[in-house]
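Enquirer: Just the structure for this:
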Amino acid sequence: MTKGVSEQTETRRPGRPAAEHTKARIVKAALRLFAQRGVAATSAARVAEEAGLSKQALQHHFATKAALRAAVYQQLDDDGQALYRT
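Expert: Predicted coordinates:
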């Protein structure tokens, strides 16, 4: 019998983090490195290493450095908005 789509997505291999958790790790690592070194001086490979991932895994979540930079800026904006509301 074939599993339905919802059943297939719920079955994950143990130890594999969810995509949102992985993206958050990447953004956190990129933010740290961008603050330390600057955006231009930070390579995607260095961000991947800092996040504990392969460069290919990083590219799976963020196809370009511009997309990663936009996610970092969005996180900073979200954090600022949260501080403003408190």
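Enquirer: Name the nearest residue to R32, ignoring sequence neighbours.
Expert: Distances taken as C-beta to C-beta, 6 or more residues apart in numbering place E50 nearest to R32, at 6.8 Å, with adjacent residues excluded. C-beta: built from backbone N, CA, C; applies to glycine.
Enquirer: What helix or strand is the one you found located in?
Expert: Per DSSP states H and E, E50 falls inside helix 44-51.
Enquirer: roughly how far is the helix or strand containing A24 from the heart of the chain?
Expert: Taking DSSP H and E as the criterion, A24 maps to helix 19-37. Counting by C-alpha atoms, centre = their mean, to the nearest Å, helix 19-37 is centred 6 Å from the centre of its parent chain.
Enquirer: That one to helix 44-51, inter-axis angle?
Expert: 110 degrees (axes from the mean of the first three to the mean of the last three C-alpha atoms, to 10 degrees).
Enquirer: Show me what the helix holding E50 is in contact with.
Expert: Helix 44-51 is contacted from outside by 22, 25-26, 28-30, 32-33, 54-55, 57-59, 62, 65, 68, using C-beta atoms under 8 Å, 6 or more residues apart in numbering.
Enquirer: for the chain, which residue is closest to the average position?
Expert: The residue lying closest to the centre of the chain (C-alpha atoms, centre = their mean) is K23, at 2.2 Å.
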